[in-house]
Each structure stands twice: as structure tokens, then as C-alpha cells.
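Peer 1: Just the structure for this:
(chains A, B, C and D)
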Protein chains: 2
Amino acid sequence: MPATATRDTPAAILDTAERLVQQRGFNGFSYADVAAELGVTKAGLHYHFAGKAELGEALMNRYTDRFGEALAQIDAGERPAPEKLDAYVDLYADVLSDERMCLCGMLAAEYGTLPERMQAVVLRFFDENERWLERVLEDGRRAGTVSVTGSARDAARLIVSALEGAMLVARPYADVERFRAASRALLAGLVG
Amino acid sequence: MPATATRDTPAAILDTAERLVQQRGFNGFSYADVAAELGVTKAGLHYHFAGKAELGEALMNRYTDRFGEALAQIDAGERPAPEKLDAYVDLYADVLSDERMCLCGMLAAEYGTLPERMQAVVLRFFDENERWLERVLEDGRRAGTVSVTGSARDAARLIVSALEGAMLVARPYADVERFRAASRALLAGLVG
DNA sequence: GTCTATAACGAGATAGAC
DNA sequence: GTCTATCTCGTTATAGAC
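Peer 2: Model (predicted):
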């Protein structure tokens, strides 16, 4: 019996690569970086993920699926819309406090250089987030807990944009409070 | 007399490199890309800019200075604060309509991989923008044309964050209207 | 100021042993 | 499943001719 990995190797590869992409970008990390950190060789990585494009795609699908599960978790709580929005903001804050950018926000910056199949997942991520927010905002409007001036769709797109941008700007300052301040000001204008 | 360039060569290099960075990122373009587009050799570029770090720094300083001049232009008009904010949003929209990301927004994503001197300019860009916005918002509040709930500084930071994020998200969709919708929703919550 | 030529390195990827 | 070894290519950068 050959030596067994202490945990699922593909998952460990994805964990390391994910962090590297979130901190350095898809064009800012290499198979060598991942291999060195895991103490394996580049060839070993190619066994699990044929190429960088396949690794990137797997990364994004896992991230987007997990984000969807987190949204389902928020829904399961049956809380009023403003609390759901606060929980949504916390998802972003948790990523940032790890000194990471949102994976798909990072890849949105590099969009023009990405393999086609990775580009498609970037759009899927934003679409799913916008749909979820739109529904929460409409529920809140019906319940009288949220007062959005324009369309719920436009407000949802503003929220995604503002939170992605707040992460983008706050990370160079290594200042989560900067993100928190922007989030508060955002929700104050929408929920107030 | 040697052949004369049709226009200032360093400026032409900066123009091309700037667009490439805005569309592909600092880690997504090379000297070879710039040289090919200008019809010169890589060695020729090194004569004008010693290395990629120096080219990047020159790029950012020119961009930040130009942005500052554009803000001074807006101030020169002596318009009320809401009109100044509209003009400010237009600066971003113009960049996006060229299918480019804000230069410093792009470099904020790649921040961890940048040479130190380029990192410093990223912060300078955001600082100067926030200061300008903070002043406009305070002027507007005094004149009664703007009603910001929290501090002008936090609102300024929200505006920078939201506009950077709106560019980041809208560009993969190649949809300037997506940016416009987010901008309108943003200002509606702040100026309303 | 721009060129040719090349050095030095790292990236992504593959073949084949174990 | 992971390794060693190697290949090919692109990238940054320099030396030196014109």
C-alpha cells in the first residue's frame, strides 16, 4: 500500500491555489508556487488537474457553489431582509479579513486574459449573487423592512459592485474597517 | 540626422502600456506586447524605461496626475456639488467605455505582486480621490445640495469603492449601462 | 535612439520510471 | 499517485553594433 495523503489531495491543491489566486491573481501564481507550498512536484499537480485552465475552472466552480450554499444558509434562518443583508456583507468581510480578494472579483479584473470557460464562471458568480440580492430586497420591500428607491435589480447590482469595490480598495490598506465603513454607508442609503 | 519618431516616443510607449495594463493587468502584459504594437524592439523600450517596474511607476504617476487635473477642471466650473459628482462619475464611465478598468483599480487587485514604489502610488491615487470627494460632499452639505447621513469621509470612501467595483463588474459584461445603473443608485442614496 | 543577438530564468506541460 | 528529467516557450534584461 503506497503512502496515503493526510487529506484529500485535490482539495488541498484547490485550497492552496485558491488562496494564491485571491491574493496574487490568476496571472500572479504558478504551479511551482502551489507545489512548493504542498511539498509536492509540479508533475504531481498535473495528474490531478490537467492544466492551469482546468485548475482555475475547478477553483471557481467550487467557490461559486460554496457561496451559493452560504446564501442558502442565510435564507434558512428566516430572518428579516436587513439582517440577511448584514449576513451577506459578513461573507465578504470574512474573505477580506484573510487578506484575500473575492475570487471572482479578482478574476473579473483579469477577465480579458482568462480561458473562455473561466470567463463564463465569473459571469455566473455575479448573476447568482445579483439574483439572490434582488429576491431579498423584494421580500424586504414587501415586508416593509427595506425601502429601495429604484428597481430591486439595480439596487442588487449596486450592492455587488460596492462590496467588490470596497474589498478591492480596502485590501491594499490592509484595513477591514475601511470595508466596514463603506458597507455601513451603502446599506444606510439603501435600507434607511 | 536620424529618422525622427512621428511623436514623442516615451509618451507613445506609455499610451500603449497604459491601455494594456488597464485591459490585461500588470502581470498580463509584456515588453514584447508593447514593442510589437509600436513596431519597435524590446531593447528600444529599455532605453526609455529601464525596467518594467520603472515603466509601471511612470504610468501610474502620469495617470494619477491626469486624474488630478481632471478633478481641478471639474472644480474650475464652479458648479453645485451634485453636478460635480455627476462629472466625477463620467470620468469613470469614459474609461470603461474604452473597455478599460481604472488603472489603479486594476493595480489594486494585483497589489501584492507589485514593486513597492508602484504600491505606494496605488494608495496615493485613492487618497487623492477620497480627499477631493470629501471636500465636494462637505461643500454640498454646507450649500444644502447634498445630504449625507454619516461622515463625508465615509461617503467619499463609499463612492470610490462603489465606482471601482461597478467598473470591475460591468467590464466582463461589456455593458456600460450596468455601470450607469449602479452609479445612479449610488448617488440616489447619497444625494437624495 | 534603435537595432541584433543572446543570456538567464521561470512558466506550463509531458514522458516514463517507480 | 508521485517522482525525475526534460522540453518548449515566453519574459525580463543586457551587451554591443550602427
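Peer 1: how about residue A:43, what does it touch?
Peer 2: Residues near residue A:43 by Cβ atoms under 8 Å, 6 or more residues apart in numbering or on different chains: none. In short, each C-beta sits where N, CA and C put it, glycine included.
Peer 1: distance of it from residue A:58?
Peer 2: According to Cβ to Cβ, to the nearest Å, residue A:43 stands 18 Å off from residue A:58.
Peer 1: and what of residue A:26?
Peer 2: Separation of residue A:26 from residue A:58 (Cβ to Cβ) stands at 13 Å.
Peer 1: Mind naming the longest helix for chain A?
Peer 2: helix A:116-143 (DSSP state H).
Peer 1: and residue A:150, how many residues sit next to it?
Peer 2: The tally of other residues near residue A:150 (other Cβ atoms under 10 Å in any protein chain shown) stands at 13.
Peer 1: Ignore what I typed, I meant residue A:69.
Peer 2: 10.
Peer 1: which SSE is it in?
Peer 2: Take DSSP states H and E as the rule and residue A:69 turns out to sit in helix A:52-76.
Peer 1: Looking at residue A:26 and residue A:58, which one has more neighbours?
Peer 2: Neighbours per residue, other Cβ under 10 Å: of residue A:26 and residue A:58, the larger number sits with residue A:26, 28 against 18.
Peer 1: Pull the contacting residues for that one.
Peer 2: A:52, A:56, A:106-107, A:110, A:113-114, A:118.
Peer 1: Tell me the residues of chain A that contact DNA strand D?
Peer 2: Within chain A, the residues that sit near DNA strand D (Cβ under 7 Å from any atom of the strand) are A:2, A:5, A:9, A:39-44, A:47-48.
Peer 1: For those residues, work out which two are farthest apart.
Peer 2: Across the residues of chain A next to DNA strand D, no pair lies farther apart than A:2 and A:42, at 19.7 Å, counting by Cβ to Cβ.
Peer 1: Among these two, which residue is more densely surrounded?
Peer 2: residue A:42 (13 against 4).
Peer 1: what's the spacing between the more buried one and residue B:59?
Peer 2: The value you get for residue A:42 to residue B:59, if Cβ to Cβ is used, is 33 Å.
Peer 1: again, but for residue A:31
Peer 2: Distance, residue A:31 to residue B:59, by Cβ to Cβ: 29 Å.
Peer 1: more crowded one of the two?
Peer 2: Just comparing residue A:31 and residue B:59: by other Cβ under 10 Å the higher neighbour count belongs to residue B:59, 24 against 19.
Peer 1: Now residue A:181: which helix or strand?
Peer 2: Assigned by DSSP H and E, residue A:181 belongs to helix A:176-191.
Peer 1: And that helix, what does it pack against?
Peer 2: helix A:81-97, helix A:152-173, helix B:152-173, helix B:176-191 (3 or more Cβ pairs under 8 Å, 6 or more residues apart in numbering or on different chains; DSSP states H and E).
Peer 1: follow-up on the earlier one: out of the residues of chain A next to DNA strand D, list just those in strands.
Peer 2: If you go by DSSP state E, these have nothing in strands.
Peer 1: Pull out the buried residues from the residues you listed.
Peer 2: The neighbour count (16 or more other Cβ atoms under 10 Å in any protein chain shown) marks A:9, A:40, A:48 as buried among those.
Peer 1: Residue A:37 contacts residue A:17, correct?
Peer 2: No. Using Cβ atoms under 8 Å, residue A:37 is not in contact with residue A:17; the gap is 9.4 Å.
Peer 1: Compare neighbour counts for those two and give me the winner.
Peer 2: A side-by-side neighbour count of residue A:37 and residue A:17, using other Cβ under 10 Å, places residue A:17 first with 24 against 15.
Peer 1: so who does that one touch?
Peer 2: Per Cβ under 8 Å, 6+ apart, neighbours of residue A:17: A:29, A:34, A:55, A:59.
Peer 1: how about a markdown table for the helices and strands packed on helix A:176-191, with mean pLDDT added?
Peer 2: A markdown table is the format used below for the helices and strands packed on helix A:176-191 (pLDDT from 0 to 100):
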| stretch | mean pLDDT |
| --- | --- |
| helix A:81-97 | 98 |
| helix A:152-173 | 98 |
| helix B:152-173 | 98 |
| helix B:176-191 | 96 |
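Peer 1: What ranges in chain A fall below the confidence cut-off?
Peer 2: A:1-6, A:192 (pLDDT under 70).
Peer 1: Contacts for the helix holding residue A:181 next, please.
Peer 2: For helix A:176-191, using Cβ under 8 Å, 6+ apart, the contacting residues are A:81-82, A:85-86, A:89, A:92-93, A:96-97, A:137, A:140, A:145-148, A:155, A:158-159, A:162-163, A:165-167, A:169-170, B:149-150, B:154-155, B:157-158, B:161-162, B:186, B:188-190, B:192.
Peer 1: ditto for stretch A:102-114
Peer 2: Here stretch A:102-114 has contacts from A:18, A:21-22, A:25-27, A:56, A:59-60, A:63-64, A:92, A:95, A:118-119, A:121-122, A:125-126, A:164, A:167-168, B:23-25, B:28, B:101, B:105-106, B:109-110, B:165, B:168-169, B:171-172, using Cβ under 8 Å, 6+ apart.
Peer 1: now with 6 Å?
Peer 2: A:22, A:25-27, A:63, A:95, A:122, A:125, A:164, A:167, B:23-25, B:28, B:106, B:109, B:168, B:172 (Cβ atoms under 6 Å, 6 or more residues apart in numbering or on different chains).
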